[in-house]
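Asker: give me the fold of what follows.
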Amino acid sequence: MEKIVMAENLDSITLRQAVKDTLKNYFTNIGSEKPVDFYSILLEEIERPLLEVLINYTHYNQVRMAQILGISRGTLRKKLKQYGMLD
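Answerer: Residues are numbered from 1 along each chain as shown. Modelled structure (predicted):
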């Protein structure tokens with residue numbers, strides 16, 4: 001099993017590197033198992049916590065959330081509804 005190497009200072013690790021390390025760890029841990037529809041699974045695993053963080057960061061200001069994400073407010077609302085996050 002491959003060892004996971006963590007950055008000594010987590011503030012210095014990039015988002016890209018964190019995602020790459022996490023994906024390497026995931027595929028190492030599943031071994032020979034073949035994931036199905038992995039892209040959809042990955043999107044859901046990333047979108048939900050991203051939206052949760054942005055809800056707190058923007059105090060649920062959907063206009064600001066949409067601007068930060070670079071998507072329309074309608075698309076944001078669709079995603080919030082998909083994850084049961086509409087108030």
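Asker: can you pull out the helices in this structure?
Answerer: Using DSSP state H, the helices of the chain run over 15-30, 38-58, 62-69, 73-82.
Asker: tell me the angle the third one makes with helix 38-58.
Answerer: Put plainly, it is helix 62-69. 130 degrees (axes from the mean of the first three to the mean of the last three CA atoms, to 10 degrees).
Asker: tell me who's in contact with the residue positioned nearest the centre of the chain.
Answerer: For the chain, the residue lying nearest the average C-alpha position, counting by CA atoms, centre = their mean, turns out to be Ile46 (1.9 Å). By CB atoms under 8 Å, 6 or more residues apart in numbering, Ile46 lies in contact with nothing. (C-beta placed from N, C-alpha, C; glycine too.)
Asker: for it, give its distance to Ser40.
Answerer: Per CB to CB, to the nearest Å, Ile46 is found 11 Å from Ser40.
Asker: do the same with Arg64
Answerer: 27 Å.
Asker: on that earlier part again, let me have the helices of the chain in JSON lines, adding mean pLDDT as columns.
Answerer: Below are the helices of the chain laid out as JSON lines (pLDDT from 0 to 100):
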{"stretch": "helix 15-30", "mean pLDDT": "93"}
{"stretch": "helix 38-58", "mean pLDDT": "95"}
{"stretch": "helix 62-69", "mean pLDDT": "98"}
{"stretch": "helix 73-82", "mean pLDDT": "97"}
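Asker: tell me which of Arg64 and Ser40 has more neighbours.
Answerer: Here Arg64 and Ser40 are compared on neighbour count by other CB atoms under 10 Å; more neighbours surround Arg64, at 13 against 9.
Asker: the closest residue in space to that one that isn't next to it in sequence: neighbour count?
Answerer: For Arg64, ignoring the flanking residues on the chain, the nearest one in space by CB to CB, 6 or more residues apart in numbering is Thr58 at 4.2 Å. A count of nearby residues for Thr58, using other CB under 10 Å, gives 15.
Asker: is it correct that Thr58 is in contact with Met65?
Answerer: Yes. With contact defined as CB atoms under 8 Å, Thr58 counts as touching Met65 (5.1 Å).
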